[in-house]
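Asker: quick one, fold the following:
(chains A and B)
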Protein chains: 2
Amino acid sequence: MSVTSDEVDVTRARPGADLAGARVVVTGGLGFIGANAVHRLVEIGASVVVVDALVPHHGGDPANLDELAPGLIEVVVADIADGAAADAVRGADVVLNIAGQVSHLDSMERPLVDLELNVRSHVAFLESVRRVAPEAAVVQTSTRQVYGRPQYLPVDEDHPTHPIDVNGIDKLACEQFHLLYGTRYNLRTTVLRLTNVYGPRQHLGREGLGFLPVFVRQALLGEDIVLFGDGTQRRDCVHVDDVVDALVLAALTADAPGEIFNLGHEDALTLDEIAHLTQLAAGQGGGIRTVPWPEDLVPIDIGSFHGDFAKAKRVLGWAPRIAFRDGIRSTIDHYIDRSWSPSST
Amino acid sequence: MSVTSDEVDVTRARPGADLAGARVVVTGGLGFIGANAVHRLVEIGASVVVVDALVPHHGGDPANLDELAPGLIEVVVADIADGAAADAVRGADVVLNIAGQVSHLDSMERPLVDLELNVRSHVAFLESVRRVAPEAAVVQTSTRQVYGRPQYLPVDEDHPTHPIDVNGIDKLACEQFHLLYGTRYNLRTTVLRLTNVYGPRQHLGREGLGFLPVFVRQALLGEDIVLFGDGTQRRDCVHVDDVVDALVLAALTADAPGEIFNLGHEDALTLDEIAHLTQLAAGQGGGIRTVPWPEDLVPIDIGSFHGDFAKAKRVLGWAPRIAFRDGIRSTIDHYIDRSWSPSST
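Answerer: The predicted model follows:
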């Protein structure tokens, strides 16, 4: 773990102690980021309720919470638009609204499904929250996809929003609904725009969830990592533990509601560097190959991306603590320790 | 009718002759703007198909086309998401996609309905269009609502989009879907962002459709026009005939697809001026009263708005031809000629 900020004391304990005893609802809590948030919240001593629809092929997996002692948390298997979700949210202190469809490719193939999962269900959910938990701090996870192809780097929150796929359009609308319910109904809503996230409990078995789980899978299997283009595109990958920090800080910071925060990382590595570090961490002998961009993916090639997270640092006191070199090693170790195999995802 | 532009020859005939014989589908064709477009298209000699769901209380009214000779056009009463709409669109040369929910208040009260009518049905419709009319020029009517409260005036197309109500969020998503289907599937989609529109066939009987129909109704009834605030806010009202010009030009201009165009008017009048001119045109003795902004409307008070339509002028050769002073008189005459009464709306 490396120090990545001059201004944020990253040697102190991970944030969130103030959530001890708080009632925290995590939507999408059986998925990658959600499950990692749940683990942290349980450590902190929060009272956690998970709402997850377990939409097939969307990354939610009850096994993500297997390591928690039985009975420690409540799990409601329901769509966030359902009454069961409203019941779960009643009286919540904090709602981490992480549920959503994340695959760009799926969103293009089934645009109405993406609209349902990333917009309609969230509008229904916000209607529930304002009715049954109007005091809750609500943190929504959005995505850098809303920016589309960067007009400048690093991308700050004032960068124009020009989504280039269905997923980006829907996530942007979802953000706007969260902020609207803040201004109009005084819900304490905060939006976090995530960049590429990696770490334990990410679904490795499926295409379309971003390049990082594919790289990890290929490295674990000793296969070559296949890069589209020349591998010089840059990404600022953020470890899920750092994302959970941001979720917790957004829920606890008085000035956060009504605001949008980019997450990001000082280190914008090339895809080639990311692939090399991943293979190095896995040590299974896989190499790296570059191939031309597949024709059907050219329209979603946004070039390099690097998020400016100065606002999150200033307002939330957030900075990523984990360098990719370290984070990818512990991630790989996580899967090796659990004897990951393609059939286990 | 007054000349309002140095660069666009507004003495020439209204545009659209090139659409003679073309198959043109008008969604929302029984509503205010749609019906006016249909009248123009019939004059031009286009082959017109109307698709309108006649959603109750949304402004669609078969009487809007009563003055057309029977059998002159085809009317399909269907939601644009339905198969009947897909059948209607098959082989279309032009699609004027005007269908939508326009009431801000309704959108806040029933956000899921607005999402359905302004986003979901349009995504389904675009899926139909790309399947059965991939060559069609598609023009979507959006709204200045997507900008929210102006950060500067006049507002050009580069102004950030910060919708402040459900309707604005949904219309912005609808735009983005239209443009996405352009870039990804080569649909020839163009977006027009309308400002306040007035003219014949506007539904006068219902609140929530903007201030202009309310002003016209109050003036026709000899009632006082009630202004919120001090009446100094400015609006650039555009006559529906000028809007129809823009629709036709957008459909006929090779460089239009993929672009967003503001409509607007050089004359940004205060609400007080607009009210005075409306009362003057009606001559029914009504006055003007100002009252404080109702508390529930304060959040949607965007201050003055004035659209910059230089891009539409440059690319489409469009400029508004009708000064408000003239347009409001002919609008009032339209209703008086037809013996309008509150029960007739």
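
Asker: hey, let's count contacts and neighbours off CA atoms from now on
Answerer: Noted.

Asker: any stretches of the stretch 151-300 of chain A with poor pLDDT?
Answerer: Across the stretch 151-300 of chain A, nothing is flagged by pLDDT under 70.

Asker: so which residues on it come close to chain B?
Answerer: For the stretch 151-300 of chain A, the residues in contact with chain B (Cα under 8 Å from any Cα of the partner chain) are A:160, A:163-166, A:169-170, A:173, A:176-177, A:180, A:184, A:299.

Asker: which among the residues you listed end up buried?
Answerer: Buried subset of those (neighbour count, 16 or more other Cα atoms under 10 Å in any protein chain shown): A:160, A:163, A:164, A:165, A:166, A:169, A:170, A:173, A:176, A:177, A:180.

Asker: a markdown table for those residues, including secondary structure?
Answerer: Converted to a markdown table, these look like this (DSSP: H, G, I helix; E, B strand; the rest coil):
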| residue | secondary structure |
| --- | --- |
| A:160 | coil |
| A:163 | coil |
| A:164 | coil |
| A:165 | coil |
| A:166 | helix |
| A:169 | helix |
| A:170 | helix |
| A:173 | helix |
| A:176 | helix |
| A:177 | helix |
| A:180 | helix |
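
Asker: name the SS class of residue A:230, please.
Answerer: Residue A:230 ends up coil, using three-state DSSP.

Asker: which residues touch the closest residue to chain B within the stretch 201-345 of chain A?
Answerer: Residue nearest to chain B within the stretch 201-345 of chain A (Cα to the nearest Cα): residue A:299, separated by 7.0 Å. Contacts for residue A:299 (Cα atoms under 8 Å, 6 or more residues apart in numbering or on different chains) come out as A:164, B:184.

Asker: that one in helix, strand or coil?
Answerer: Going by three-state DSSP: residue A:299 is helix.

Asker: all the strands of chain A, in order from the start?
Answerer: Under the criterion DSSP state E, chain A contains strands at A:23-27, A:47-52, A:74-77, A:94-97, A:137-143, A:188-194, A:197-198, A:225-228, A:234-235, A:238-239, A:260-262, A:269-270, A:288-291.

Asker: now tabulate those in JSON lines and tack on distance to residue A:334.
Answerer: Output for the strands of chain A, formatted as JSON lines (distance: least, Cα to Cα, whole Å):
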{"stretch": "strand A:23-27", "distance to residue A:334": "23"}
{"stretch": "strand A:47-52", "distance to residue A:334": "23"}
{"stretch": "strand A:74-77", "distance to residue A:334": "24"}
{"stretch": "strand A:94-97", "distance to residue A:334": "24"}
{"stretch": "strand A:137-143", "distance to residue A:334": "24"}
{"stretch": "strand A:188-194", "distance to residue A:334": "22"}
{"stretch": "strand A:197-198", "distance to residue A:334": "12"}
{"stretch": "strand A:225-228", "distance to residue A:334": "19"}
{"stretch": "strand A:234-235", "distance to residue A:334": "23"}
{"stretch": "strand A:238-239", "distance to residue A:334": "13"}
{"stretch": "strand A:260-262", "distance to residue A:334": "27"}
{"stretch": "strand A:269-270", "distance to residue A:334": "22"}
{"stretch": "strand A:288-291", "distance to residue A:334": "22"}
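
Asker: can you verify my assumption that residue A:244 contacts residue A:36?
Answerer: Yes - assessed by Cα atoms under 8 Å, residue A:244 is found in contact with residue A:36 at 7.1 Å.

Asker: how close does the residue of chain A most remote from its centre get to residue A:342?
Answerer: Here chain A reaches farthest from its C-alpha mean at residue A:285, the gap being 29.4 Å by Cα atoms, centre = their mean. Separation of residue A:285 from residue A:342 (Cα to Cα, to the nearest Å): 17 Å.

Asker: how about residue A:246, what does it touch?
Answerer: A:192, A:263, A:316, A:318.

Asker: going by neighbour count, which of those comes out on top?
Answerer: Neighbour counts for the contacts of residue A:246 peak at residue A:263, which has 32 neighbours (criterion: other Cα atoms under 10 Å in any protein chain shown).

Asker: for that residue, give me its contacts.
Answerer: By Cα under 8 Å, 6+ apart, the residues touching residue A:263 are A:192, A:193, A:194, A:195, A:238, A:243, A:246, A:307, A:308, A:309, A:312.

Asker: please report how far it lies from residue A:156.
Answerer: 10 Å.

Asker: mutual contacts of these two, please.
Answerer: Shared contacts of residue A:263 and residue A:156, defined by Cα under 8 Å, 6+ apart, comprise A:307, A:308, A:309.

Asker: most neighbours, which of the residues you listed?
Answerer: residue A:307 (24 neighbours).

Asker: what's residue A:321 sitting at in phi/psi?
Answerer: For residue A:321, the backbone dihedrals (degrees, to the nearest 10) come out as phi -100, psi -20.

Asker: and it, how many neighbours does it have?
Answerer: Residues near residue A:321, counting by other Cα under 10 Å, number 23.

Asker: chain A: helices as residue ranges?
Answerer: Taking DSSP state H, the helices of chain A run over residues A:32-44, A:83-89, A:104-109, A:111-115, A:121-132, A:166-185, A:211-220, A:240-252, A:271-282, A:310-311, A:324-337.
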